[in-house]
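J.: Okay, predicted coordinates and the sequence, questions at the end:
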Amino acid sequence: MKKRLPNQIPAVQKQPALIRTENLSFDYEKKQSEPLINDVSFSLEEGEVTLLTGASGSGKSTISLCLNGLYPEAVEGYAEGTVYYRGEDISRFEKGVLNQKIGIVFQDPESQFCMVTVENELAFTMENLKVPRKVMAERMDAVLEVTGLTEVKYRAIHELSGGQKQKVALASVLLMEPELLILDEPTANLDPVSSLEFIQLVTKLQQERKMAVLVIEHQLDDWMPYIHRVLALNKHGKLIADGPRDNVFTEYKETLTEEGIHLPKAIQKNTQKLGGQTPQFLEPALSISNLSFKRKDRTILEDLTMTLHKGEFVAVAGENGAGKSTLLQLMAGILSPHKGTITFQDAPLKKWREEELRKHMGFVFQNPEHQFITDTVYDELSFGMKLNGTPEEEMKEKVTELLGHFQLEGHRWNNPFSLSGGQKRRLSVATMLDETPDVLLFDEPTFGQDAKTTDELMSIVLDLKAKGTTIVFVTHDMDLIDQYCETVFVLDKGNLAFSGTPEQLWDKESLLKQARLRLPYRVRQLKEEGDVYDLVR
Ligand SMILES: Nc1ncnc2c1ncn2[C@@H]1O[C@H](COP(=O)(O)OP(=O)(O)OP(=O)(O)O)[C@@H](O)[C@H]1O
Ligand SMILES: Nc1ncnc2c1ncn2[C@@H]1O[C@H](COP(=O)(O)OP(=O)(O)OP(=O)(O)O)[C@@H](O)[C@H]1O
């Protein structure tokens, strides 16, 4: 007799997700109030590119460090809920096993290195992975080639530019051939062309290796074509959106905007150029003439001549390693030129007394941590005021005002080093704004900022500019240059390759290409270039 078939075909056993968090809560210490990461459940699937977005300080980096079991252990934090790797509770894995399957490129690449030179760093990674010696050299050369680092193989990492360091961190993680690659603001320090190439490189490898990628990023546009899913955190550590890319950005548009999260420019309205005609600047603030600078025998900057005026908003752009940060440090008197002169307000810079110079000129380092000198956010903000003998009450008021402007309330007594990447950057900027300086030099001031904090920062900077402060931004953000700057200096391998208005620069196609810059989104749209991403609405 024939057996009767059951009415229902048993469901095919679904593979467990690559990563699944269930009711994950985390905080750096147990509190009475709601935890920083608050009861979050989501999955990351094999081969998928997921964007994790959220306001600065919402806990994105923190969550990513919970996914490979580094947290809570490494910080003695408090955690609840479970993280699964392919269906298995990650707390059951032996130490170090998950680090290879889940590779993280940290927000601050410097925190990741153990060795002095690029070659030794990559060899060290391979030794840990027990890569046979005879294939090491080949693998190293391949990863250097793919990340564009061949030329700096034998260089000391601390002597590389910010962007070059970021590529070393990626190369090191790629050697592990991870199943999940977590990228925490990976392109923040890359020049515009390197940034696009980096994204294309990662997504190509992702497709070839069927790797899952979790990217934490505020600047979304270049990632948009490659993102499958979006997760969004709110300021209270709750997951407020989880779904396919286009659904999240259209359905949750209002919520994301309220949270201060950047939207893709394809659905933003305000990508127009601000301001009208470029004003005429007459009064010089800082004049540089025939400046050259060397490190050991290498010429870093060669024969630069430029004038910055009172109230002018200047951008310094150029590819990674072009010499932008070096130029800024020379302008600030932190480095001294080998040849040429810098004149600040009618006197040679080297004649200025250090104390006087610091009152008139503010400087924000590329790495905010290089700037912190005290143990609390409050002390950091009041440091300059104390030196100037500002009365206690006035100082308190001013600090409270700065904390409010820079979304740092609630962190007054925190250690500056425990802040999120974006918070550190805001604090480093805020410390320079206790008075109205004559010149403000910023090295990448807006990197790592969400939409709300970027707007707030720019409005403070514009207020200072209106009072006559000369603003100098070293930046890779072409949209920011387009929107706000009046003059752009382009450095190309240590030479001044262009000085003029942004509009003039956008017409110089071959120069842009040579200096590894790109047109801003607005101009790309006008020229209808192919790489402007259109969101399905
Ligand atoms: N401390 C140092 N010792 C030796 N060389 C250095 C040092 N700092 C920077 N350099 C080198 O000087 C050159 C210019 O570096 P700089 O940091 O000014 O470039 P940048 O244009 O600001 O780059 P990025 O956009 O990547 O930050 C690079 O080739 C870099 O490797
Ligand atoms: N080691 C630490 N000890 C105590 N608090 C910390 C520590 N690291 C981060 N925090 C706090 O946790 C919160 C979340 O930080 P996290 O770096 O995860 O945010 P984020 O969303 O990645 O921010 P950003 O976009 O600015 O990088 C912040 O308020 C930060 O001050």
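T.: Yes, it's here. Ligands and ions are numbered 1, 2, ... in the order given.
J.: Would you mark the buried spots in stretch 386-396?
T.: 390, 395 (16 or more other CB atoms under 10 Å). Any C-beta I mention is one placed from the backbone N, CA and C, and that applies to glycine too.
J.: any idea how far it is from the chain center?
T.: Centroid displacement of stretch 386-396 relative to its chain, using CA atoms, centre = their mean, to the nearest Å, is 33 Å.
J.: now what about stretch 102-112, what contacts it?
T.: The contact list for stretch 102-112 (CB atoms under 8 Å, 6 or more residues apart in numbering) reads 19, 61, 64-65, 67-68, 70, 85, 165-166, 168-170, 172-174, 176, 178-186, 188-189, 216, 367, 369, 421, 448.
J.: So which of those residues are in strands?
T.: 19, 85, 180, 181, 182, 183, 184, 216 (DSSP state E).
J.: what subset of those residues is also close to ligand 2?
T.: Subset of the ones in strands among the contacts of stretch 102-112 in contact with ligand 2: empty, counting by CB under 6 Å from any ligand atom.
J.: now the residues you listed in CSV, with distance to residue 201, neighbour count and pLDDT?
T.: Formatted as CSV, these follow (distance: CB to CB, whole Å; neighbours: other CB atoms under 10 Å; pLDDT from 0 to 100):
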residue, distance to residue 201, neighbour count, pLDDT
19, 23, 25, 96
85, 26, 24, 95
180, 17, 23, 96
181, 11, 25, 95
182, 16, 27, 96
183, 11, 27, 95
184, 17, 22, 93
216, 18, 23, 96
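J.: out of the residues you listed, who's nearest residue 119?
T.: Using CB to CB, residue 181 comes nearest to residue 119 of the ones in strands among the contacts of stretch 102-112, at 22.6 Å.
J.: show me what contacts the closest one?
T.: Applying CB under 8 Å, 6+ apart, one finds that residue 181 lies in contact with 103, 105, 173, 174, 202, 206, 211, 212, 213, 214.
J.: Grab the two from those that are most spread out in space.
T.: Pairwise distances across these (CB to CB) peak at 15.3 Å, for the pair 174 and 214.
J.: Where does pLDDT dip in the protein?
T.: For the chain, the stretches with pLDDT under 70 are 1-13, 269-279, 528-537.
J.: What residues does it have near ligand 2?
T.: Residues of the chain found near ligand 2 (CB under 6 Å from any ligand atom) are 28, 36, 54, 56-62, 75, 107, 418-423, 448.
J.: Just the ones of the residues you listed in helices?
T.: Counted as lying in helices by DSSP state H, out of the residues of the chain next to ligand 2, are 60, 61, 62, 421, 422, 423.
J.: Which one of those residues is nearest to ligand 1?
T.: Taking CB to the nearest ligand atom as the measure, ligand 1 sits nearest to residue 421 out of these, at 15.9 Å.
J.: Can you verify my assumption that that closest one contacts residue 60?
T.: No. In this structure, residue 421 is not within contact of residue 60 by CB atoms under 8 Å, at 9.3 Å.
J.: list residues touching both of the two?
T.: With CB under 8 Å, 6+ apart as the test, residue 421 and residue 60 both reach residue 184.
J.: neighbour-wise, which of these two wins?
T.: Higher neighbour count among residue 421 and residue 60: residue 60, with 26 against 22, using other CB atoms under 10 Å.
J.: give the contact list for the closest residue in space to the more buried one that isn't next to it in sequence.
T.: Among residues not flanking residue 60 along the chain, residue 216 sits closest, at 4.6 Å (CB to CB, 6 or more residues apart in numbering). By CB under 8 Å, 6+ apart, the contact list for residue 216 reads 51, 52, 53, 60, 61, 64, 107, 182, 183, 184, 185.
J.: Report the buried residues of stretch 169-187.
T.: Result for stretch 169-187 [16+ other CB under 10 Å]: buried residues 169-176, 178-187.
J.: give the contact list for residue 72.
T.: If a contact means CB under 8 Å, 6+ apart, then residue 72 has 26, 66, 78, 79 as its contacts.
J.: how much space is there between residue 484 and ligand 2?
T.: The gap separating residue 484 from ligand 2 is 22 Å, by CB to the nearest ligand atom, to the nearest Å.
J.: Residue 386 belongs to a strand, doesn't it?
T.: No. Checked against DSSP: H, G, I helix; E, B strand; the rest coil, residue 386 lies outside a strand; its state is helix.
J.: Quick check: chain neighbours aside, which residue is closest to the spatially most central residue of the chain?
T.: Nearest residue to the geometric centre of the chain (CA atoms, centre = their mean): residue 188, 3.1 Å. Among residues not flanking residue 188 along the chain, residue 447 sits closest, at 4.4 Å (CB to CB, 6+ apart).
J.: would you turn the contacts of residue 181 into TSV with secondary structure?
T.: What follows is these, written out as TSV (three-state DSSP):
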residue	secondary structure
103	strand
105	strand
173	helix
174	helix
202	helix
206	helix
211	coil
212	strand
213	strand
214	strand
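J.: want to throw those residues into JSON lines with distance to residue 455?
T.: Converted to JSON lines, the contacts of residue 181 look like this (distance: CB to CB, whole Å):
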{"residue": "103", "distance to residue 455": "34"}
{"residue": "105", "distance to residue 455": "28"}
{"residue": "173", "distance to residue 455": "33"}
{"residue": "174", "distance to residue 455": "35"}
{"residue": "202", "distance to residue 455": "29"}
{"residue": "206", "distance to residue 455": "32"}
{"residue": "211", "distance to residue 455": "35"}
{"residue": "212", "distance to residue 455": "33"}
{"residue": "213", "distance to residue 455": "29"}
{"residue": "214", "distance to residue 455": "27"}
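J.: among these, which ones are buried?
T.: 103, 105, 173, 174, 202, 206, 211, 212, 213, 214.
J.: nearest to ligand 2, of those?
T.: Of all those, ligand 2 sits closest to residue 214, with 12.4 Å by CB to the nearest ligand atom.
J.: rewinding a little: quick one: buried ones out of the residues of the chain next to ligand 2?
T.: 36, 54, 56-62, 107, 419-423, 448.
J.: quick one on the thing from earlier: what count of nearby residues applies to the residue nearest to residue 188?
T.: Around residue 447 there are 23 residues (other CB under 10 Å).
J.: Stretch 110-118 close to ligand 1?
T.: No. Shown here: stretch 110-118 not in contact with ligand 1 (CB under 6 Å from any ligand atom), separated by at least 11.0 Å.
J.: Alpha carbons of that stretch, in CSV - could you do that?
T.: C-alpha atoms of stretch 110-118 as CSV (Å, rounded to 0.1, in the frame of the first residue of the first chain):
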residue,chain,number,x,y,z
GLU,A,110,46.7,54.2,14.5
SER,A,111,45.1,52.2,17.4
GLN,A,112,45.5,49.1,15.3
PHE,A,113,49.2,48.9,14.6
CYS,A,114,51.8,46.9,16.5
MET,A,115,54.9,47.2,14.3
VAL,A,116,57.0,50.1,13.1
THR,A,117,57.1,49.6,9.3
VAL,A,118,54.4,48.7,6.8
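J.: okay, the ones in strands among the contacts of stretch 102-112 in CSV with distance to ligand 1 next?
T.: Converted to CSV, these look like this (distance: CB to the nearest ligand atom, whole Å):
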residue, distance to ligand 1
19, 32
85, 35
180, 27
181, 22
182, 22
183, 17
184, 18
216, 20
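J.: And the residue in the stretch 101-250 of the chain that ligand 2 sits nearest to, how far from residue 445?
T.: Scanning the stretch 101-250 of the chain for the residue nearest ligand 2 gives residue 107, at 5.9 Å (criterion: CB to the nearest ligand atom). Residue 107 sits 16 Å away from residue 445, going by CB to CB, to the nearest Å.
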